[in-house]
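K.L.:
coords please:
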Amino acid sequence: MPGALRRSKSHLLVAVGLSLCAACGQSSVSTRPRVSGIDLRDTDDARVVDDGALLDGLATTDEYDPTLLSRDLERIERYYRARGYYEAKVRAARVLQLDGRHVKIEIRVARGVPVTVRRVDIPGVANLPPLLTKEVLQARTLKVGDVFDEANFNEMKAAILEAQQDRGFPFAKVDAKAHIDLIEHRADVTMTLQPGPEATYGAVSIEGLKSIPEGPVRDTLKIREGGAYSRSDLASAQRALLNLGVFGTVEIREDLTHPETNRVPIAVVVRETELRTLRLGGGADFSVLRLNLHLGVGWEHRNFLGGTRHLALNLTPGIDLYPTRFPDGSTPLKPTRVLVENSLQLKFKQPSFIESRTAGTIDASYNILPVLYPLPAGTDPSTERILGYQTISTALGLERQFFLSSSKSWPGTLTVATSYNWQANFPFTYQLDVPAGLTHVRVAFPALVTTLDFRDDPVQPHRGVYLTNTLQVADRVFGGTVSDVKIQPELRSYFPLTKKSVTLATRLTMGFLMPRDYGNTLKTSTAEGQEAVANPEDPDVISDQQKLLLRAFYSGGTNSNRGYPLRGIGPHGPVGFLVPVGVDCTAAAMKNDPACIRPLGGFTLWEASLEVRFPLSGALGAVAFADASDVSRSIGNITFKVPHLSIGPGLRYLTPVGPFRLDIAYRVPGAQAIGQDGLTVDQGSQDVSNLFGISWLPVAVNIALGEAF
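P.N.:
Next up is the predicted model:
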């Protein structure tokens, strides 16, 4: 026994020693050289292969491992063969030693002669209903003469199967075969249809409900026993239930085990999410306009009074430390005033308001906010009139979503929202008196907002299109004091430059405001317009300019042209209700005094942005962007003579609520106003400053949460 015990202890010590050695080996720093680049070329045409799907699938990316490289060479050959190049061969692969720690890998591929499609047959298509026959034939993505791509072959099979299932044939099958003739380099494709019996829905059950009543869920589902079966209708029902916001998951299960009954029982399995949410937070915002500190309190109930009614209340009190300006580019002015602001918002949504997929909405808010502008250099903050508005607004509307695509990877949605909107704006001042002519303004209008969304992800889109348009018709007949028509379409597009990572994003926005009763003082061609220039503090001029403040277009800011401050782009001139005390801003005395010049707003807007987004490491990413925009006082006349071009880099850090971003925008000299040395005073030259006061560094820094578009 003692000898056995000693042997056991010896074995234990050896085992512990081996474990420690193994652990040390695992924790040691890798001595493999780093891969500085992969040069993959096609020898048939001597071109560099930049196929994102191929390059993203390679394992040899960071460290050089001969075993991984060997497997990657096999992956490359399989990749080409799956795309119709069955004779593809890796002809050469070299590892070039750059230094002691880095290598470069050269790979040469010969594609060979591709296999092309000689014939495409779909036996059984003539036996389908005429409309379904047409849809099946339209699903033929492989055509005679095309290179035979296995991915396209599988997509064609899936599309033909989906067409049958969407038209009431849930038991349909497609026997897809491809005969490859490697001698002739030809492929014969056959898709044999087995549609099976036409079917309807069987019993529809809903499982997992606890607090949510079943009635509203069935109304939103819109799947009824005995109704014609459609796979796309089931996908739309699933998305509609998720859009209620009360379910964490929604699974629709089909029972396809009894085709002889011509019925498909449906089981909807849901998992309820938290129905009540209380949020408490805070934040800060620092820009050329303000240093803002605020709190945020929110309460949300997703089943208010039952029936999946959605009620949200948000309160955001805050303060602005005024002013925020860097007079010499480095030393900020000491704030002289604390401006109190507040926002109270209520949002209510009633699902199944008129019909099962239409929601009724009520939005109401009460806001107290200052209207801040950049403070010109040399201006005494105590002489500035600090304007604020108390705004009461409400909107009663209807919202309907239409699901255009059942694809999980690229869903398509059309949202149509119409509403009656009423706003009352009451001016006041934080500092100095309220000038004559500055009175409350009511704006009442019906609005129509249409949104077409084909993005693959609403938070971090990688591909797709997003198109929206807002139409407002304000008139006194609706209860307002302003009459105009406002139209603002916007197009965003996202293109994948590589399969998973690099994205090209674009945005184009137009805005058209057609005023009908803003007053003649805004028309420079009239006598009243000339008087507005000569005497900007006239009460009639102030009354008309206030309408512009509330309804006109402006450009510039974190989510617009990032090289300029908020409202920094557009026509500038004297604004009567912002003239400092003791400053003469009449035409005869002004002489481009910066204290007199403020953004006036315009009737026509265009903005264009372009970004290349790419990852760096983990949650950290980067962008390179370009922004351009302009606002003019001409109605419907778009000009590109003053593009205000800004370019620069940016960093992104992904958080649960969206990317936190830092953008540095450089205003390109010579590209702010074409044919001019720079912007003039009436184009807003005093609203922009240079970083650290350096004349050759026209840079703006933006910090925000969420993508710019």
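
K.L.:
so where's the stretch 501-650 of the chain shaky on pLDDT?
P.N.:
For the stretch 501-650 of the chain, the stretches with pLDDT under 70 are 519-534, 581-582, 587-592.

K.L.:
what segments of the protein are helices?
P.N.:
Ranges of helices in the chain, per DSSP state H, are 2-27, 52-56, 66-82, 130-138, 150-166, 214-221, 231-243, 527-534, 539-551, 587-590.

K.L.:
for those, which has the smallest mean pLDDT value?
P.N.:
Among the helices of the chain, helix 2-27 carries the lowest mean pLDDT, at a mean of 43.

K.L.:
got the contact list for residue 208?
P.N.:
By C-beta atoms under 8 Å, 6 or more residues apart in numbering, the residues touching residue 208 are 269, 270, 271, 272. (Glycine included, C-beta is placed from N, CA and C.)

K.L.:
what do you get for residue 157?
P.N.:
Residue 157 touches 174, 176, 191, counting by C-beta under 8 Å, 6+ apart.

K.L.:
can you list these in CSV and add neighbour count?
P.N.:
Below are the contacts of residue 157 laid out as CSV (neighbours: other C-beta atoms under 10 Å):
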residue, neighbour count
174, 21
176, 16
191, 24
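
K.L.:
circling back to that earlier point, adding distance to residue 573, neighbour count and pLDDT, write the contacts of residue 208 out as JSON lines.
P.N.:
Below are those laid out as JSON lines (distance: C-beta to C-beta, whole Å; neighbours: other C-beta atoms under 10 Å; pLDDT from 0 to 100):
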{"residue": "269", "distance to residue 573": "63", "neighbour count": "14", "pLDDT": "96"}
{"residue": "270", "distance to residue 573": "59", "neighbour count": "23", "pLDDT": "94"}
{"residue": "271", "distance to residue 573": "59", "neighbour count": "13", "pLDDT": "95"}
{"residue": "272", "distance to residue 573": "57", "neighbour count": "16", "pLDDT": "93"}
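
K.L.:
mind putting the residues you listed in CSV, distance to residue 667 included?
P.N.:
Converted to CSV, these look like this (distance: C-beta to C-beta, whole Å):
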residue, distance to residue 667
269, 56
270, 52
271, 51
272, 52
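
K.L.:
count of residues packed around the residue nearest to residue 54 when sequence neighbours are not counted?
P.N.:
Excluding the flanking residues, the one nearest residue 54 by C-beta to C-beta, 6 or more residues apart in numbering is residue 79, at 5.3 Å. The local packing of residue 79 (other C-beta atoms under 10 Å) involves 17 other residues.

K.L.:
over to residue 118?
P.N.:
Neighbour tally, residue 118, other C-beta under 10 Å: 16.

K.L.:
so it makes contact with residue 142?
P.N.:
No - counting by C-beta atoms under 8 Å, residue 142 is not a contact partner of residue 118; they are 11.0 Å apart.

K.L.:
about what we covered before: how close does the residue nearest to residue 54 get to residue 322?
P.N.:
For residue 79, the distance to residue 322 (C-beta to C-beta, to the nearest Å) stands at 61 Å.

K.L.:
again with residue 458
P.N.:
36 Å.

K.L.:
so those two - more neighbours on which side?
P.N.:
Each of residue 458 and residue 322 has its neighbours counted (other C-beta under 10 Å); residue 322 has more, 23 against 11.

K.L.:
contacts only, for the residue nearest to that one when sequence neighbours are not counted.
P.N.:
Distance criterion C-beta to C-beta, 6+ apart; nearest residue to residue 322, sequence neighbours excluded, is residue 337 at 4.5 Å. With contact taken as C-beta under 8 Å, 6+ apart, residue 337 is in contact with 321, 322, 381, 386, 430, 431.

K.L.:
mind doing that once more with 10 Å?
P.N.:
Going by C-beta atoms under 10 Å, 6 or more residues apart in numbering, residue 337 touches 319, 320, 321, 322, 323, 370, 381, 382, 384, 386, 430, 431.

K.L.:
where does it land on pLDDT?
P.N.:
85.

K.L.:
offset the numbering so it begins at 12, please.
P.N.:
That works, and once the first residue is 12, the last one we named lands at residue 348.

K.L.:
re the thing from before, out of the contacts of residue 219, who's nearest residue 231?
P.N.:
residue 281 (11.1 Å; C-beta to C-beta).

K.L.:
ok, the closest one to residue 220 distance?
P.N.:
Taken as C-beta to C-beta, the span from residue 281 to residue 220 is 7 Å.

K.L.:
who touches both of these two?
P.N.:
228, 257, 258.

K.L.:
for the nearest residue to residue 403 once chain neighbours are set aside, what are its contacts?
P.N.:
Once flanking residues are discounted, residue 403 sits nearest to residue 435: 4.8 Å by C-beta to C-beta, 6+ apart. By C-beta under 10 Å, 6+ apart, the residues touching residue 435 are 400-405, 451-455, 490-492.

K.L.:
kindly state the beta-bridge partners for residue 435.
P.N.:
For residue 435, the beta-bridge assignment (DSSP bridges) gives partners residue 403, residue 453.

K.L.:
got the contact list for residue 366?
P.N.:
Contact partners of residue 366, counting by C-beta under 10 Å, 6+ apart, are 230, 233, 411.

K.L.:
also residue 519?
P.N.:
500, 501, 502, 503, 504, 617, 618, 619, 620, 621, 720.

K.L.:
is it correct that the second one is in contact with residue 618?
P.N.:
The reference is to residue 501. Yes - between residue 501 and residue 618 there is a contact under C-beta atoms under 10 Å: 8.6 Å.

K.L.:
closest one to residue 486 out of the shared contacts of residue 281 and residue 220, please.
P.N.:
Nearest member of these to residue 486, counting by C-beta to C-beta, is residue 257, at 38.6 Å.

K.L.:
from residue 663, how far out is the closest one?
P.N.:
Here residue 257 is placed at a distance of 31 Å from residue 663 (C-beta to C-beta).

K.L.:
returning to what we had before: which two from the contacts of residue 519 end up farthest apart in space?
P.N.:
Within the contacts of residue 519, two members stand farthest from each other by C-beta to C-beta: 500 and 621, at 18.0 Å.

K.L.:
any idea how far residue 551 is from residue 512?
P.N.:
58 Å.

K.L.:
should've said residue 353
P.N.:
Applying C-beta to C-beta to residue 353 and residue 512 gives a distance of 42 Å.

K.L.:
then residue 268?
P.N.:
Using C-beta to C-beta, residue 268 is found at 42 Å from residue 512.

K.L.:
and these two? Which one has more around it.
P.N.:
Legend: neighbour count by other C-beta under 10 Å for residue 268 and residue 512, higher for residue 512 (14 against 8).
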